[in-house]
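Colleague: fold the following.
(4 chains)
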2 protein chains.
Amino acid sequence: MLQSGQAASPAEPGRTGEALRVRGSGSRVVYDTLRQEILSLTLQPGSPLDETALSERFGMSRTPVREGLQRLVADDLATTLPNRNTVVTPIDFAGLPAYFEALSLMYRVTTRGAALRDRRDLAAVRARQAEFAAAVGAQDALAMIEANREFHVAIAEIHGNPHFIALFARLLDQGRRILRLYYSSFDDRLPRQYVEEHEAMMAAIEAGEAAAADRLAAAHAAQIVRQIQEFLARDLADPIELP
Amino acid sequence: MLQSGQAASPAEPGRTGEALRVRGSGSRVVYDTLRQEILSLTLQPGSPLDETALSERFGMSRTPVREGLQRLVADDLATTLPNRNTVVTPIDFAGLPAYFEALSLMYRVTTRGAALRDRRDLAAVRARQAEFAAAVGAQDALAMIEANREFHVAIAEIHGNPHFIALFARLLDQGRRILRLYYSSFDDRLPRQYVEEHEAMMAAIEAGEAAAADRLAAAHAAQIVRQIQEFLARDLADPIELP
DNA sequence: AATATACAGACTGTCGACAGACAGCAAGTT
DNA sequence: AACTTGCTGTCTGTCGACAGTCTGTATATT
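Modeller: Predicted coordinates:
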């Protein structure tokens, strides 16, 4: 598992070996680290999150570990079974239609809203788009997902409504787990198309054409939804074996 | 057992006197109680939430109190100042435009969405509407706010998208503090109008007329926003004294 | 053999205690 | 007098320990 071996193995570059922790940062370290591992599927859905084991791994007591876990639960990335352990929240395939509905609306609202705002802040969006394009060029699925998230959050930040930014970021994060399964299994024609669609959305924002931005965002969302649904249908057509 | 202080202080009428606490319910009690007090303005914005004092009040140790506070912070009802105390989050008047934008969108999306769903579940909505009408008749502002929230959440539940339900409920809760200030200061003509607007929205949902439901919800939201803005403008015209 | 019961183990929920950090006040300095 | 420096008190962040509850296994019963 992930116990004493880590403290004893200084080869690991990552999370556990940090020397002295600043007071008050314990739960944040736990939260950030586990969140990253959950979203990257390093921790599989359903995996148990044992407080005792985690406290040994992070070299701190159970209290900050518990607080970090509670923040994950608040984000719906973990689920606590009362008097039992906490587990990584399983991917909710049954809830996908509702998820897509919410995601599509956020795509539209933020893109449209950005077109109605001061367009001089597009620099941040452009930077994210460049990162996305680079990831597509490198065929790095993980980087694509990350940059795509940042691209859309940057647009939402131009719009500037914190309620939408928070919901959108949350949705995009949850989606990372699904996209992670998805992106690993298709040809690279579609990412290039996404790059072009991103460009079109940025152009509409810059021109202040809210209606066009809305339409493009809706189409972009529909495109993504359709691709994932096809992927899932393909997966269902080739069903897993039952014991 | 739990404590000696509990059995010793039976005089207090409110929340503290509960006899024996179920294991695992500590933080929930703290969260529910404080949440109610914050939203009803019993605890004023900016009030300090002292962990030690709260642990004495609730007759439990600081650990479950801390967990309850962290949930309030996650809901943006409380704010933690690092290494200092936690306070009730001040009402963010500067953020009101963004708040209204998000609230209006949720009004529209959920009402419109409900009209597209199975309309047989309107019973719950009707019940909330009856409670709202009763509160209006009794001129009970607090009950109006409560019933109004439940009315719109019930509509959102017909629509059935958990992401929207969660955001909407959260927004409506935060708004309770503003409405609490607002409802106490106007004649009772408007609540009656709200009753009628609610009726119209229910009719549109039942008839499955999504476009009409959308339009009515947007008008309803605009109405509320306008009233509150007028109230705030009146308040600003009669400014508070500065020391 | 199948079901019911008792036991053991493991992990969570809660507690009391300690150490660090910040605010406010007092004394010293320019 | 205004500003800086040191001290003191209070509250938070963290820790180790204990008790309750659940799961799974082993034993007893029909």
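Colleague: how is chain A divided into domains?
Modeller: What automatic domain parsing lists as the domains of chain A is A:4-88, A:93-237.
Colleague: okay if I get those as TSV plus mean neighbour count, distance to chain B and mean pLDDT?
Modeller: Heads up, the C-betas are built off the backbone N, CA and C, glycines and all. Below are the domains of chain A laid out as TSV (neighbours: other Cβ atoms under 10 Å in any protein chain shown; distance: least, Cβ to the nearest Cβ, whole Å; pLDDT from 0 to 100):
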stretch	mean neighbour count	distance to chain B	mean pLDDT
domain A:4-88	15	4	83
domain A:93-237	18	4	90
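Colleague: how about the residues of chain A near DNA strand D?
Modeller: Listed as neighbours of DNA strand D in chain A under the rule Cβ under 7 Å from any atom of the strand: A:21, A:23-27, A:60-64, A:67, A:83-84.
Colleague: please redo it, this time with the cut-off set to 6 Å
Modeller: With Cβ under 6 Å from any atom of the strand as the criterion, chain A comes near DNA strand D at residues A:Arg23, A:Gly24, A:Ser25, A:Gly26, A:Ser27, A:Met60, A:Ser61, A:Arg62, A:Thr63, A:Pro64, A:Asn83, A:Arg84.
Colleague: what ranges does chain A have for its helices?
Modeller: A:4-8, A:26-39, A:51-58, A:62-74, A:96-115, A:122-137, A:141-159, A:162-183, A:189-207, A:210-237 (DSSP state H).
Colleague: now these as TSV including distance to DNA strand C?
Modeller: Below are the helices of chain A laid out as TSV (distance: least, Cβ to the nearest atom of the strand, whole Å):
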stretch	distance to DNA strand C
helix A:4-8	14
helix A:26-39	12
helix A:51-58	3
helix A:62-74	6
helix A:96-115	27
helix A:122-137	31
helix A:141-159	29
helix A:162-183	22
helix A:189-207	39
helix A:210-237	32
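Colleague: so which of these is nearest B:Leu167?
Modeller: Smallest distance to B:Leu167 across those (Cβ to Cβ): 5.5 Å, for helix A:162-183.
Colleague: what does the closest one rub up against?
Modeller: With Cβ atoms under 8 Å, 6 or more residues apart in numbering or on different chains as the test, helix A:162-183 has contacts from A:38-41, A:45, A:75-77, A:91, A:96, A:99, A:102-103, A:106, A:109-110, A:113, A:141-142, A:144-146, A:148-149, A:152-153, A:156-157, A:159, A:227-228, A:231, B:95, B:98-99, B:101-102, B:163, B:167, B:171.
Colleague: what's the answer for stretch A:73-88, then?
Modeller: With Cβ under 8 Å, 6+ apart, stretch A:73-88 has contacts from A:34-35, A:38-39, A:43-51, A:69-70, A:72, A:89, A:170, A:173-174, B:23-24, B:71, B:74.
Colleague: what do you get if the cut-off is 7 Å, keeping everything else the same?
Modeller: Stretch A:73-88 is contacted by residues A:35, A:38, A:43-50, A:69, A:72, A:89, A:170, A:174, B:24, B:74 when judged by Cβ atoms under 7 Å, 6 or more residues apart in numbering or on different chains.
Colleague: just how off-centre is that stretch within its chain?
Modeller: In terms of Cα atoms, centre = their mean, to the nearest Å, the centre of stretch A:73-88 is found 18 Å from the chain centre.
Colleague: with stretch A:89-98 instead?
Modeller: Distance, stretch centre to chain centre, for stretch A:89-98: 14 Å (Cα atoms, centre = their mean).
Colleague: dump that stretch to PDB, keeping only the CA atoms.
Modeller: What follows is stretch A:89-98, C-alpha atoms only, in PDB (Å, rounded to 0.1, in the frame of the first residue of the first chain):
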ATOM      1  CA  THR A  89     -17.000   9.100  -5.100                       C
ATOM      2  CA  PRO A  90     -17.900   6.800  -8.000                       C
ATOM      3  CA  ILE A  91     -18.500   8.200 -11.400                       C
ATOM      4  CA  ASP A  92     -22.200   8.700 -11.700                       C
ATOM      5  CA  PHE A  93     -23.000   7.600 -15.200                       C
ATOM      6  CA  ALA A  94     -26.700   7.700 -14.400                       C
ATOM      7  CA  GLY A  95     -26.400  11.400 -13.700                       C
ATOM      8  CA  LEU A  96     -24.700  12.200 -17.000                       C
ATOM      9  CA  PRO A  97     -27.700  13.800 -18.800                       C
ATOM     10  CA  ALA A  98     -28.200  16.200 -15.900                       C
END
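Colleague: ok, and what's touching it?
Modeller: For stretch A:89-98, the external contacting residues (Cβ under 7 Å, 6+ apart) are A:Pro45, A:Gly46, A:Asp76, A:Leu77, A:Ala78, A:Thr79, A:Arg177, A:Ile178, B:Asn161, B:Pro162, B:His163.
Colleague: give me the most central residue, chain A.
Modeller: Of all residues in chain A, the one closest to the mean position by Cα atoms, centre = their mean is A:Asp173, 2.4 Å from it.
Colleague: and that residue, how far is that from A:Glu146?
Modeller: The gap separating A:Asp173 from A:Glu146 is 10 Å, by Cβ to Cβ, to the nearest Å.
Colleague: mutual contacts of the two, please.
Modeller: Counting by Cβ under 7 Å, 6+ apart, nothing touches both A:Asp173 and A:Glu146.
Colleague: what sits closest to A:Gln36 if chain neighbours are left out?
Modeller: A:Thr42 (7.8 Å; Cβ to Cβ, 6 or more residues apart in numbering or on different chains).
Colleague: and the gap between that neighbour and A:Gly26?
Modeller: As for A:Thr42, its distance to A:Gly26 is 21 Å (criterion: Cβ to Cβ).
Colleague: what's next to stretch A:199-218, contact-wise?
Modeller: Contact partners of stretch A:199-218, identified using Cβ under 7 Å, 6+ apart, comprise A:104, A:107-108, A:111-112, A:114-116, A:119, A:122, A:125-126, A:129, A:197, A:220.
Colleague: ends of that stretch, what's the gap?
Modeller: Separation of the first and last residues of stretch A:199-218 by Cα to Cα, to the nearest Å is 15 Å.
Colleague: chain center to it, what's the gap?
Modeller: Computed by Cα atoms, centre = their mean, the separation of stretch A:199-218 from the middle of its chain amounts to 23 Å.
Colleague: same check, this time on stretch A:106-124
Modeller: 20 Å.
Colleague: span of it from start to end?
Modeller: 19 Å.
Colleague: now do stretch A:83-96
Modeller: Separation of the first and last residues of stretch A:83-96 by Cα to Cα is 29 Å.
Colleague: stretch A:43-63 now?
Modeller: Span of stretch A:43-63 from end to end, Cα to Cα: 21 Å.
Colleague: starting at the chain centroid, how far to it?
Modeller: In this view, stretch A:43-63 has its centroid 21 Å away from the chain centroid, taken as Cα atoms, centre = their mean.
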